[in-house]
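Participant: Have a look; sequence and predicted model below, questions after that.
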Amino acid sequence: MTYDVCCVGILVADTIVRTVAEMPESGKLGLVDRIELFSGGCASNAAIDMARLGLSVAIIGKTGRDGFGGFLAGVLRDAGVDAKGLVSDGGASTSASVALIEAGGERSFLHSYGANGLFSIGDVDFGVIAESRVVFVAGAMLMPTFDGGQCAELLRRAKGMGKMTVLDTAWDAKGRWMDLLRPCMGHIDLFMPSVDEARMLSGENEPESMADAFLAMGVGTAVIKLGGDGCLIKGEGARSALVCPTYSQYKAVDTTGAGDSFVSGFLTGLSKGWDMARCAVLANAVGTHCVMHPGSSTGIRGFADTVSFIEGHEVPAVRHADGSTYAPASGVWDWGA
């Protein structure tokens, strides 16, 4: 078996509670409209999204041997993700989050690291890594045991096996940032942080300066996710960055999983041998479908439907950061598989 991508990282059971007008007093009952359970966590989200887009995907991570863990494993298998690299630990609880949503849409979160906090390089099935073309670490900063040196060792070994390495960060509530990530940077082919995370990691305020800082640390290509503004891409030796706007005419209903869906679209394009600009357009389309629906993966469509969406819209004007217009080498955008 050969996998297009192996996702290594966090899995989370997400409980969404809406609508929360106020917290009940201690010992009292409060009524809400809905309580729903979804699969979540960067690795799980990305694996499900890429499987839906038609890739062959494996996942490596850790859950507890509990109800939440069984739920996540079932969702992954139902989505077509190979979960043989998923470790079930009877001594841990599955990582879980509770999102409390107010009437205006604002959210408050409660989170338990659970098994993600215990995940280590000793849990990694390198047989699965060997069978994968791309190794994607998803959720760096939220795996206290694995983050830092162990993550760097995984990336180093994966590159030594000829794999493309990709890493996406999460927000570091403990403020360690580059102190934690620095050992990894020279082993990352494609680095894909959000703009807010990139600002904290680089100390820069402009996206292209952020990308330059990461390239100087040894990253092969930096992709800065700009949320509703799309993304910025810069590779080693590039004259200037590419800025790829997204489909801004669509209103976001729920941004949960948006970054994971973007990465999934981007890696799907790479798996087809596309250039970075085409990958970005696909990534933006996948991200758009994500935010138009509640839940991290609910809105993700198959590859053919996503391409139909792109072909039904004018491609947002891709440009170089120096202001010059980007055009595909052939003069036309090609969405063939």
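Facilitator: That came through, no problem.
Participant: which stretches of the stretch 151-300 of the chain form helices?
Facilitator: 178-181, 195-202, 207-216, 258-271, 276-291 (DSSP state H, counting those that start in this stretch).
Participant: Just the mean pLDDT for the last one, thanks.
Facilitator: Per-residue pLDDT over helix 276-291 has a mean of 91.
Participant: quick one: contacts of the helix or strand following it?
Facilitator: For helix 276-291, the succeeding helix or strand toward the C-terminus, using DSSP states H and E, is helix 303-311. Identification of contacts with helix 303-311 by C-beta atoms under 8 Å, 6 or more residues apart in numbering yields 53-54, 265, 268, 281-282, 285-286, 288-289, 301, 333, 335, 337. All C-beta spots, glycine's among them, are computed from the backbone N, C-alpha and C.
Participant: How far does stretch 219-238 stretch from one end to the other?
Facilitator: Using C-alpha to C-alpha, to the nearest Å, the end-to-end distance of stretch 219-238 comes to 13 Å.
Participant: Go through that stretch and flag the buried ones.
Facilitator: 219-227, 229-235, 238 (16 or more other C-beta atoms under 10 Å).
Participant: ditto for stretch 185-194
Facilitator: 185, 187-194.
Participant: And for stretch 144-161?
Facilitator: Neighbour-count burial for stretch 144-161 flags 144-148, 150-155, 157-159 (criterion: 16+ other C-beta under 10 Å).
Participant: do stretch 35-45 as well
Facilitator: By neighbour count on 16+ other C-beta under 10 Å, the buried set for stretch 35-45 is 38-45.
Participant: who's in contact with that stretch?
Facilitator: 7-17, 48, 59-61, 71-72, 75-76, 95, 97, 116, 136, 138-139, 142, 168, 170, 256-257, 259-261, 264, 295-298.
Participant: returning to that earlier point: put together TSV for the buried residues of stretch 35-45, with pLDDT, distance to A103 and secondary structure on each row.
Facilitator: Putting those into TSV (pLDDT from 0 to 100; distance: C-beta to C-beta, whole Å; DSSP: H, G, I helix; E, B strand; the rest coil) gives the following:
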residue	pLDDT	distance to A103	secondary structure
F38	89	21	strand
S39	91	26	strand
G40	92	23	strand
G41	93	27	coil
C42	95	28	helix
A43	97	32	helix
S44	96	29	helix
N45	95	26	helix
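Participant: would CSV of these with distance to V128 be doable?
Facilitator: Formatted as CSV, the buried residues of stretch 35-45 follow (distance: C-beta to C-beta, whole Å):
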residue, distance to V128
F38, 25
S39, 20
G40, 22
G41, 18
C42, 18
A43, 13
S44, 16
N45, 19
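Participant: residue closest to the middle of this protein?
Facilitator: The geometric centre of the chain, computed from its C-alpha atoms, lies nearest to D260 (C-alpha atoms, centre = their mean), at 2.6 Å.
Participant: how far away is W335 from A285?
Facilitator: With distances taken as C-beta to C-beta, to the nearest Å, W335 is found 10 Å from A285.
Participant: So for those two, which residue has more residues nearby?
Facilitator: Between W335 and A285, A285 has the larger neighbour count (other C-beta atoms under 10 Å), namely 25 against 19.
Participant: Contacts only, for the more buried one.
Facilitator: Counting by C-beta under 8 Å, 6+ apart, A285 touches 247, 265, 306, 309-310.
Participant: do that again at 6 Å, thanks
Facilitator: Contact analysis of A285 by C-beta atoms under 6 Å, 6 or more residues apart in numbering lists 306, 309-310.
Participant: Now intersect the buried residues of stretch 219-238 with the strands, please.
Facilitator: In strands, judged by DSSP state E, the following of the buried residues of stretch 219-238 are found: 221-225, 231-235.
Participant: what's the closest of the residues you listed to G90?
Facilitator: Of all these, G90 sits closest to K225, with 36.7 Å by C-beta to C-beta.
Participant: Report the strands that pair with the lowest-mean-pLDDT helix or strand in the chain, each with its relative direction.
Facilitator: One helix or strand of the chain scores below all others by mean pLDDT, DSSP states H and E: strand 107-112, with a mean of 84. With DSSP bridges as the test, strand 107-112 is paired with strand 96-101 (antiparallel).
Participant: Restricting to C-alpha, output the strand it pairs with in PDB.
Facilitator: Below are the C-alpha coordinates for strand 96-101, written out as PDB (Å, rounded to 0.1, in the frame of the first residue of the first chain):
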ATOM      1  CA  ALA A  96     -11.400  16.700  23.700                       C
ATOM      2  CA  SER A  97     -12.700  20.300  23.300                       C
ATOM      3  CA  VAL A  98     -16.000  22.000  24.200                       C
ATOM      4  CA  ALA A  99     -17.000  25.000  22.200                       C
ATOM      5  CA  LEU A 100     -19.600  27.300  23.800                       C
ATOM      6  CA  ILE A 101     -21.200  29.400  21.200                       C
END
